[in-house]
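Enquirer: quick check, what structure comes out for this input:
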Amino acid sequence: MTAITPKATSAAPDFCEGIQYFGEALPGFETYGKTPVIESGKLAIAFPSDPSAIFQTLLIADALRYLTLQITGSKASGHPGGFASQAEAYAALVMLGYKNIITEVGHHAPGFYSAMFLDRSLEDMGIFTVQQLRDRFREKHGLLGHLSGYIPGILAPAGPLGQGQHFAMAAALLHKDKLFPFTLGDGGLGEPYIMSSMTHFHTAFPSVTNFLPVLVWNGYSQEHHSMVSLKTNEQMVAYWQGNGFEEVVLVDAKDFDDQNQHGSYVDSTAFCWDQRLAFTKAVLEGVDKAARSALNGKLTAFIIKQLKGAGVHARGAKSHNLYPKDTLDAPHIINALKERALPREVWQLVRTNCERAGGGPAAKTVVTEFELPLPDLGELPLEEYPVGGDPKVSTTAMGRLVAKVGQVDRNFLVTNADGNEASGIANINQALKIIHPTSDELYNQSPNGQVYEPLSEDACAGLAAGLSLMGARTLWCSYESFAINGLPIWQTVTQAMAELRRSTPSTITLFTAGALEQGRNGWTHQRPEIESYFAAMMRNGNVFPLFPPDANSTQVCYDWALTTKNKGIVITASKSPLPIRTTFEQTRQGLRDGAVVLQDINSNQGESKKVVFAVIGDMTLIPVFEAAAFLETEGLGVKIVSVINPRRLYRLDDTAWEACAEPEGGFLDDEKFAELFAGDALIGVTGGAAAMLEPIMLRTTAKRDTFAWKRGETTASAGELMAFNGLTAQALTKRAIELVH
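Expert: Next comes the predicted model:
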């Protein structure tokens with residue numbers, strides 16, 4: 001296709017400002033392109049075999065390629081190659097009226113932004129022209145380098161591979177009448193989570209098939225051939241079928257090649273025009289078949305096989321991203337843009353079809369542009385145990401409340417990979433039932449349950465966090481030691497929640513079976529270093545790790561978490577019976593102020609010095625109270641402060657809270673901080689990572705020290721394990737005396 005500069009012919013639509021090259025007339029345009037094939041008031045094309053529909057689908061694919069290359073070239077940065085290799089599939093989905101499109105590939109971002117521009121979604125953020133699209137790409141308050149919930153019309157974030165299917169499955173579960181396609185790269189297919197998570201989901205929810213993996217099989221990953229590049233078509237289809245997919249539709253560009261291209265992966269944009277149309281027809285009809293199959297109860301996948309970089313500046317892995325040399329002035333970029341350039345009159349046709357498809361711009365129609373209606377939970381049945389009474393199990397007390405939430409809200413889902421019973425929350429299973437195809441009362445199993453139990457923390461965190469992002473209430477439960485395997489997607493979601501343009505329930509977790517309870521299991525089950533992860537995430541501004549000291553406090557923490565929006569709430573509690581040390585009101589104060597005083601005893605010896613213990617956790621309070629009793633006999637004053645909500649203890653400017661959606665400040669002022677922590681010496685104590693104590697250590701002016709987790713060991717008791725880590729009354733007493741003298 002030859003191209004000419006903008007000045008050589010009649011005026012283009014205003015939105016085309018910034019397009020550098022326009023092409024000459026296309027063969028067949030007068031016949032198949034004079035009027036938009038999606039009629040006014042319609043959601044999609046009428047027939048996928050309609051020659052006009054095929055012709056105009058190809059125009060959208062090339063428009064997407066052109067814009068993708070031009071906006072990445074404008075910054076000599078970004079990733080055009082992967083999206084370009086599946087442009088026909090994306091165009092087909094749009095023309096068929098499906099706009100709830102998700103991706104597992106963050107590198108497809110510029111293609112998705114181009115699609116959101118074409119259907120006018122980006123006008124909601126002030127992007128009306130291609131020039132503005134170029135200017136705002138990969139800039140602050142603009143179009144992020146990878147997908148985010150900040151962008152109008154984009155359903156879910158995409159950065160780390162292996163996550164997109166969770167968002168698609170979550171959306172499909174909540175909206176069973178809509179299709180949720182998600183693009184998946186063959187480079188990312190190497191992630192172990194993708195196929196296993198879909199297989200477990202299908203076993204748990206066999207009737208929910210309205211999510212559609214669209215495998216972009218282009219032969220390459222980011223910097224080399226993909227690990228599945230040598231599979232034959234038959235082997236690839238068999239792979240998907242072997243993982244439970246009943247319908248697998250594969251369209252291979254090689255079957256239409258009239259240019260004798262080398263290798264198994266070819267570029268359809270090199271075909272003659274008629275063969276390009278033939279390939280587009282196969283994609284359009286294939287996507288239509290796959291979509292109908294998925295919506296009609298069959299687990300379905302669509303595969304488009306086409307060389308990576310089809311139609312852009314390079315081919316194979318070399319097309320993956322642009323470097324500083326790949327500017328819009330570079331000859332190879334200029335040539336690629338001219339090759340894909342479209343006539344002026346085509347752009348308005350493309351825009352009209354994209355805008356009409358699906359009932360309007362994605363920013364006005366996709367499910368994540370609306371808040372999901374939620375049933376009112378009313379008052380939860382909190383039970384306040386007497387302080388000093390019989391020890392209680394925190395997790396079990398919370399489990400009663402979780403059961404109530406599930407009984408009121410049928411969309412509510414609990415996920416757990418390692419077994420609720422082992423975490424002291426069998427009452428959740430008893431009330432809500434484990435989702436399982438085998439009904440069994442002994443094991444609390446039912447096909448219609450609300451407890452999702454894959455043996456994968458990624459699958460647990462993925463579905464729970466994904467559902468929260470889509471607007472539903474969830475709870476992810478895990479052993480503290482193993483939750484790290486699910487944290488990447490949980491972090492992705494909490495970051496997205498900080499940017500969302502809408503309100504959504506916070507993603508809530510319960511981490512139990514902490515290191516100090518796992519003596520006999522040894523170091524494999526003793527990994528509280530995960531708390532360093534959350535300590536760092538507190539600075540995001542919307543992440544709140546909570547450390548209730550007892551069963552009363554755990555209930556109040558969960559009750560509060562359910563009222564929050566767009567946050568990540570981490571509740572860490574023991575499954576062992578422990579003393580009741582707080583009232584409900586004390587925890588409510590601790591949630592507001594960050595901490596609450598459990599004991600404050602002045603010495604009887606006049607002006608003697610005071611030691612303050614700032615304690616995170618519940619079991620760690622045991623040696624602290626022992627140390628306090630001894631220090632009192634030594635004539636020292638002692639204060640024990642339970643740190644429940646350390647995020648409140650940062651200073652006003654320590655976190656990015658003001659930049660969050662649903663911003664929440666409420667940081668403890670200096671005067672109240674002094675009331676809690678002022679003393680002659682301050683000792684921070686935690687059974688986890690010392691980093692969680694940072695908000696306190698930043699602000700205290702007293703002599704100070706920390707006692708924290710070092711590493712695991714096989715022991716007979718929690719006390720022995722604490723001793724291995726230096727968390728003993730004797731060690732605390734010795735250091736306190738050293739600090740005040």
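
Enquirer: in the stretch 51-200 of the chain, which spans are strands?
Expert: 102-103, 180-185 (DSSP state E, counting those that start in this stretch).

Enquirer: separation between residue 719 and residue 598?
Expert: 20 Å (Cβ to Cβ, to the nearest Å). Heads up, the C-betas are built off the backbone N, CA and C, glycines and all.

Enquirer: these two - which one has more neighbours?
Expert: residue 598 (22 against 17; other Cβ atoms under 10 Å).

Enquirer: in the sheet, who's paired with the nearest residue to that one once chain neighbours are set aside?
Expert: The spatially closest residue to residue 598, leaving aside those adjacent along the chain, is residue 640, at 4.7 Å (Cβ to Cβ, 6 or more residues apart in numbering). Note on residue 640: beta-bridge partners residue 599, residue 613, judged by DSSP bridges.

Enquirer: what helices or strands is the helix or strand where residue 615 lies leaning on?
Expert: Using DSSP states H and E, residue 615 maps to strand 610-616. The contact analysis (3 or more Cβ pairs under 8 Å, 6 or more residues apart in numbering; DSSP states H and E) places strand 610-616 against helix 621-633, strand 637-643, strand 681-686, helix 729-740.

Enquirer: 10 Å instead?
Expert: Applying 3 or more Cβ pairs under 10 Å, 6 or more residues apart in numbering; DSSP states H and E, we find strand 610-616 packed against strand 595-601, helix 621-633, strand 637-643, helix 670-677, strand 681-686, helix 694-699, strand 703-707, helix 729-740.

Enquirer: relative to residue 519, which of the ones you listed is closest?
Expert: Closest approach to residue 519 among the helices and strands packed on strand 610-616 (Cβ to Cβ): helix 621-633, 14.1 Å.

Enquirer: which strands and helices lie in contact with that closest one?
Expert: strand 595-601, strand 610-616, strand 637-643, strand 681-686, helix 718-724, helix 729-740.

Enquirer: for these, give me JSON lines that also has mean pLDDT and distance to residue 412.
Expert: Rendered in JSON lines, the data for those read as follows (pLDDT from 0 to 100; distance: least, Cβ to Cβ, whole Å):
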{"stretch": "strand 595-601", "mean pLDDT": "96", "distance to residue 412": "30"}
{"stretch": "strand 610-616", "mean pLDDT": "97", "distance to residue 412": "29"}
{"stretch": "strand 637-643", "mean pLDDT": "97", "distance to residue 412": "29"}
{"stretch": "strand 681-686", "mean pLDDT": "98", "distance to residue 412": "31"}
{"stretch": "helix 718-724", "mean pLDDT": "93", "distance to residue 412": "33"}
{"stretch": "helix 729-740", "mean pLDDT": "95", "distance to residue 412": "42"}
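
Enquirer: can you redo those as CSV with distance to residue 110?
Expert: As requested, the helices and strands packed on helix 621-633 are exported to CSV (distance: least, Cβ to Cβ, whole Å):
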stretch, distance to residue 110
strand 595-601, 46
strand 610-616, 44
strand 637-643, 44
strand 681-686, 44
helix 718-724, 51
helix 729-740, 56
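
Enquirer: comparing the ones you listed, which comes out most buried?
Expert: Highest mean neighbour count of those: strand 610-616, a mean of 27 (counted as mean count of other Cβ atoms under 10 Å).

Enquirer: with only the CA atoms kept, save it in CSV.
Expert: Only the C-alpha atoms of strand 610-616 are listed here, as CSV (Å, rounded to 0.1, in the frame of the first residue of the first chain):
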residue,chain,number,x,y,z
LYS,A,610,9.6,4.0,82.2
VAL,A,611,10.0,1.4,79.5
VAL,A,612,7.4,1.2,76.6
PHE,A,613,6.8,-2.0,74.7
ALA,A,614,5.2,-1.5,71.2
VAL,A,615,4.0,-5.0,70.4
ILE,A,616,2.7,-6.3,67.1
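
Enquirer: just list the residues touching residue 287, thanks.
Expert: By Cβ atoms under 10 Å, 6 or more residues apart in numbering, residue 287 lies in contact with 48, 57, 88-93, 95-96, 98, 181, 212, 214, 249, 251, 302, 304.

Enquirer: just want the angle from the helix or strand harbouring it to strand 180-185.
Expert: Counting by DSSP H and E, the element that carries residue 287 is helix 273-295. Here the directions of helix 273-295 and strand 180-185 differ by 120 degrees (axes from the mean of the first three to the mean of the last three Cα atoms, to 10 degrees).

Enquirer: how far away from the center of its chain is helix 273-295?
Expert: 31 Å (Cα atoms, centre = their mean, to the nearest Å).

Enquirer: what lines up beside the helix or strand following it in the sheet?
Expert: Proceeding N to C from helix 273-295, the next assigned helix or strand is strand 300-305, under DSSP H and E. Partner strands and pairing direction for strand 300-305 (DSSP bridges) are strand 211-217 (parallel), strand 247-252 (parallel).

Enquirer: roughly how far apart are residue 425 and residue 21?
Expert: With Cβ to Cβ as the criterion, residue 425 and residue 21 are 62 Å apart.

Enquirer: of the two, which one has the most company?
Expert: Comparing residue 425 with residue 21 by other Cβ under 10 Å, the one with more neighbours is residue 425, at 30 against 17.

Enquirer: residues contacting the more buried one?
Expert: Residue 425 touches 393-400, 402-403, 414, 416, 419, 451, 475, 477, 510, 512, 573, 575, counting by Cβ under 10 Å, 6+ apart.

Enquirer: what's the answer for residue 584, then?
Expert: 382-385, 552-553, 555-556, 559.

Enquirer: okay if I get the residues you listed as CSV plus pLDDT, neighbour count and secondary structure?
Expert: Formatted as CSV, the contacts of residue 584 follow (pLDDT from 0 to 100; neighbours: other Cβ atoms under 10 Å; DSSP: H, G, I helix; E, B strand; the rest coil):
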residue, pLDDT, neighbour count, secondary structure
382, 98, 15, coil
383, 98, 13, coil
384, 98, 15, coil
385, 98, 19, coil
552, 98, 26, helix
553, 98, 30, helix
555, 98, 24, helix
556, 98, 25, helix
559, 98, 19, helix
